[in-house]
Every structure is written in structure tokens, then in C-alpha cells.
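Q: build the 3D model from these lines:
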Amino acid sequence: MSCGNSKIKVLYDVEQLMKECVSARSGIFRVADELFKYFSNADDVDLYLAVTENKGDLPLYLKSIGREDLQNKVVILPSAKVMTKNKNILQVLRSKVWAFFLKSAYRKKLSGFDWYFSPFSPVAPLIYRQELKTAVMVHDIIPIVRPDLADKGSKFLKKYKNWMSSLQADLIVFNSVCSQKDFLNFRKDVLPYKTLVAYLGADERFVPSVGSKNPETVLKKYSIESKNYILSLADKNKRKNFPHLIDSFVRFIEKTGNQDVCLVLAGPKRKGGIELDDVISSYEKYRNRIINIGFVEENDLAALYANAAFFVYPSLYEGFGLPVLEAMKCGVPVICGNNSSLPEVAGDAALYISGSDEDETAEVMSRLFKDKSLQNSLAQKGLERSSGFSWKRTGETVLNALLANSGRE
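A: Reported below is the predicted structural model:
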């Protein structure tokens, strides 16, 4: 322990930052990135970076945030990732062998640290056995509480369940009360005081004014011909519920008779899951009104939010619901699912849907589309509601917990 020092010495698992820094960035990457930047600039933290055998794209990531100086504070933990694998007897035995031979090396490398912090990845059992404390972020346990919504098959579900069952951290951080409750219901042996809720934030680029800055340029870039569009962030994952949204949108058109409005689906076209283009093609009459634009560059996403008539997020389960927060930050009216963590994020600043009744969703869309007063009211409520969420507050919440539980005398 770093007793006598005003700073806590934190070893930060940067695996997520290494593998996504040049590709389509997931929500998990954003959380890992924002917390890393907060920790790296905090006066109370002496930050080090944990990697496995090689540094991957870490130098590129550190350059992108202007912290190349941290390359000199990398701690290599050999076979750390290998030792988290336990899906069969061979992997379990291999992990134990590595743990036996690396025990002395890990003790030396981890000596003097107060905390090992993982923003997502499993922690090797050998790390748990050291004197430092461990903190892990659990973004959701949807594969356990809603296995019917998982796309990755029974092997993934078993792996995820084993991961959550073996989690032994001194502090477990959740993005919402919903996820915290889900986990505590699953792991009844975990004491609630060892858990923490730290709500997420949204990037500062998400502001209403961005919508007035050359919207035609962004719309043209993504081949969006109509300025009158409804936006949603699309994903092939079953729980995102986009076949429901597409069907609801078609019913909305038929209900209103509108000849202009389009549905824009934005998001990376990952492998597996539901093929959105196939779903869209099944609505031959309206396929030109449903636009799947795929991956959107981060600098363009805020403009797409801000220029939309409204934002629809019909997800059936979330750990937090970052797109809902981003949309509210941009002053856009929101419709979202009335489930899981979404009401925690949106509060009274959204219209809610069940996500299972297409006529209901079409009716809510129609109501919002026709009622300018309701649009303005929801936009204002969204701005007020979203002002309570920030990455600074997320970082402060997590860091204050680490400081309070650093075990110093």
C-alpha cells in the first residue's frame, strides 16, 4: 500500500482501449476511455497501465488523448487474460499452471499498488490473491437475467455466467440501479456495501447548437435526402428490437399518410445477429423511406441527433442506455422502452413504449410527430434531465469510492 502518499496508486486495465481505438467504438470503450482520461488527470491518482504480453494499439490510443508520457508507466502482466479462461478442464488446468509459475512475478509487479481497476474485462484469479484491492465495472448482466435476448448462443451464456459467478472484486461498479439489483439478485453472497452505482455521462459535443451547423453536409454524407427524419441507433443484437421499430414505422406512415418523413438507422454493421437490410427489404413499398446508414463517425453523430424530428430507442433491456442520454443532451424528443434502466436515465423526459406492441409504438410516434408543443416540452425536459449526467460526475463517483476504501491507516 502507498501509505504516507497523498495519491492512491492505481493499475488500470487498458485492454478495451487497446483493441478499439481505431475501429467502431462501443459503449464499453467510451466508458473505459472517459474514466481513464479522468483518472489520468486526477490529482489524487498515480496511474499505471496494465497490459498482457504486448502493447497492441496502446501507443496509438495514448497519442490520441495527448498522454504519450504514460507509455513509461505500463505494467505487463504475463498471461493475465489466459488465466481468466475456465470454460473447460484444459483451460482451468492451464490457468492453474500459469498461476503457479507466475506467482512470484505478480507479487513483485503488483506490490505497492492500492487498486487494480478493470472497466470491463475479467480479473485473473492471481490478481485477486495479491494485497492490492480490486474494482471492476459490470455494465449489465443481461445474458443472465434475459437469456432470451442474447444472440451469442449457449456457450457465451455459460461463459458469462461463470464470469459473473467468479467475480470477487472489493468494489463492483454499476451503471444503473437496475443492473446493481440484477447482480445482487444473482449473487446473493455479495454484500451491497461492496457495490456502487456510477451513472454515465455524454461527450461535450452532444449539444443542441450542433444541429444548426451545416446540417446539409452531414445529411448528404450519409445519403439522407429528407431533412424530416426520425433517428434510431441500430444494432443487430436482438434486444435492440429493430424489426419492431421498422414495422412500427411502417404502421406510423400508413396511419399518418405522411409522404416525407424517413426512418434513419445508424450504427456499425457488426457480424451476426439480425440482418437489418433483410428486414428493410421485406417492406418493398417503404424501403426507400427506411435508411440504414451504418457506422457514423463520432463527430457526425451529434449532428444527426440534433437535426432529427425525434429519437426512438425501442430496446427491450439495457444496462444504462447511453443513446437516450446523448439524444436528450442534443435537445431531441425521445421515445424509449419502459424497462430496465431506461426510466432511470430518461425520467419524465421521454414517452415510453412496451416495445412489444407495434400499434402502440406507431400511435406514440404519431402523437409526438403531430404535436409540436409536446416535442418542445420533451426537448426542454430532456435538456434539464440530462444536465445531471456528466463524465466528470462518473469519474468523481468512482474515484471517491476508491479513495474512501483505499485501506490506508
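Q: tell me what the host helix or strand of residue 383 is packed against?
A: If you go by DSSP states H and E, residue 383 is part of helix 372-386. Where contact means 3 or more CB pairs under 8 Å, 6 or more residues apart in numbering; DSSP states H and E, helix 372-386 is packed against helix 322-329, helix 358-370. Using the backbone N, CA and C atoms, a C-beta is placed for each residue, glycine as well.
Q: could these go into JSON lines alongside distance to residue 76, mean pLDDT and mean neighbour count?
A: Below are the helices and strands packed on helix 372-386 laid out as JSON lines (distance: least, CB to CB, whole Å; pLDDT from 0 to 100; neighbours: other CB atoms under 10 Å):
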{"stretch": "helix 322-329", "distance to residue 76": "32", "mean pLDDT": "96", "mean neighbour count": "26"}
{"stretch": "helix 358-370", "distance to residue 76": "50", "mean pLDDT": "97", "mean neighbour count": "18"}
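Q: next, format the ones you listed as TSV and append distance to residue 109.
A: Shown next, in TSV, are these (distance: least, CB to CB, whole Å):
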stretch	distance to residue 109
helix 322-329	34
helix 358-370	53
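Q: residue 384 is nearest to which of these?
A: helix 322-329 (8.9 Å; CB to CB).
Q: who does that closest one touch, helix- and strand-wise?
A: helix 298-307, strand 310-313, strand 334-337, helix 342-346, helix 372-386.
Q: pick the most deeply packed of those.
A: strand 334-337 (a mean of 27; mean count of other CB atoms under 10 Å).
Q: that one - which strands sit beside it in the sheet, and in what orientation?
A: strand 310-313 (parallel), strand 351-353 (parallel) (DSSP bridges).
Q: quick one on the thing from earlier: now the helices and strands packed on helix 322-329 in TSV, with mean pLDDT and distance to residue 39?
A: Output for the helices and strands packed on helix 322-329, formatted as TSV (pLDDT from 0 to 100; distance: least, CB to CB, whole Å):
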stretch	mean pLDDT	distance to residue 39
helix 298-307	90	21
strand 310-313	98	30
strand 334-337	98	31
helix 342-346	98	24
helix 372-386	97	24
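Q: okay, those in CSV with distance to residue 233 next?
A: Shown next, in CSV, are those (distance: least, CB to CB, whole Å):
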stretch, distance to residue 233
helix 298-307, 9
strand 310-313, 7
strand 334-337, 11
helix 342-346, 13
helix 372-386, 16
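Q: how does this structure divide into domains?
A: By the assignment in automatic domain parsing, the chain contains the domains 8-201+391-404, 208-386.
Q: single out the most deeply packed of those.
A: Of these, domain 208-386 is the most buried (mean count of other CB under 10 Å), at a mean of 19.
Q: give me the most central residue, this structure.
A: residue 27 (2.9 Å; CA atoms, centre = their mean).
Q: can you list contacts of the helix or strand that comes right after the helix holding residue 383?
A: Downstream of helix 372-386, the first helix or strand assigned by DSSP H and E is helix 391-404. Contact with helix 391-404 is made by 8, 10, 31, 34-35, 38-39, 42, 44-45, 114-115, 117, 135, 171, 173, 196-203, as judged by CB atoms under 8 Å, 6 or more residues apart in numbering.
Q: re earlier: and the helices and strands packed on helix 372-386: which comes nearest residue 380?
A: helix 322-329 (10.2 Å).
Q: can you give me the angle that closest one makes with helix 298-307?
A: Orientation check (axes from the mean of the first three to the mean of the last three CA atoms, to 10 degrees): helix 322-329 against helix 298-307 gives 60 degrees.
Q: pLDDT score for the closest residue to residue 322 other than its chain neighbours?
A: Distance criterion CB to CB, 6 or more residues apart in numbering; nearest residue to residue 322, sequence neighbours excluded, is residue 27 at 5.2 Å. pLDDT, residue 27: 80.
Q: same question for residue 269.
A: Residue 269 is given a pLDDT of 68.
Q: could I get the strands paired with strand 334-337 as JSON lines with distance to residue 302?
A: Formatted as JSON lines, the strands paired with strand 334-337 follow (distance: least, CB to CB, whole Å):
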{"stretch": "strand 310-313", "distance to residue 302": "12"}
{"stretch": "strand 351-353", "distance to residue 302": "22"}
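Q: of all those, which one comes closest to residue 79?
A: strand 310-313 (40.1 Å).
Q: for the closest one, what is the distance to the chain centroid?
A: 18 Å (CA atoms, centre = their mean, to the nearest Å).
Q: the stretch 151-300 of the chain: strands as residue ranges?
A: Ranges of strands in the stretch 151-300 of the chain, per DSSP state E, counting those that start in this stretch, are 171-174, 195-197, 229-233, 262-266, 290-294.
Q: a markdown table for the ones you listed, including mean pLDDT and distance to residue 101?
A: Formatted as a markdown table, the strands of the stretch 151-300 of the chain follow (pLDDT from 0 to 100; distance: least, CB to CB, whole Å):
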| stretch | mean pLDDT | distance to residue 101 |
| --- | --- | --- |
| strand 171-174 | 98 | 29 |
| strand 195-197 | 98 | 34 |
| strand 229-233 | 96 | 46 |
| strand 262-266 | 95 | 48 |
| strand 290-294 | 91 | 46 |
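Q: mind checking which of these is nearest residue 316?
A: strand 229-233 (13.8 Å).
Q: quick one: residues contacting the nearest residue to residue 332 once chain neighbours are set aside.
A: Distance criterion CB to CB, 6+ apart; nearest residue to residue 332, sequence neighbours excluded, is residue 311 at 4.9 Å. By CB under 8 Å, 6+ apart, residue 311 lies in contact with 230, 231, 232, 305, 323, 324, 327, 332, 333, 334, 335.
Q: give me the beta-bridge partners of residue 311?
A: residue 231, residue 334.
Q: test my guess that the residue nearest to residue 322 contacts residue 321.
A: No - using CB atoms under 8 Å, residue 27 makes no contact with residue 321, being 9.4 Å away.
Q: what about residue 49, which SS state?
A: Here residue 49 is recorded as strand under DSSP: H, G, I helix; E, B strand; the rest coil.
Q: how close does it get to residue 60?
A: Going from residue 49 to residue 60 by CB to CB, to the nearest Å gives 14 Å.
Q: end to end, how far does stretch 265-276 reach?
A: 9 Å (CA to CA, to the nearest Å).
Q: hmm, I typed the wrong one, I wanted stretch 108-123.
A: Using CA to CA, first and last residues of stretch 108-123 are 18 Å apart.
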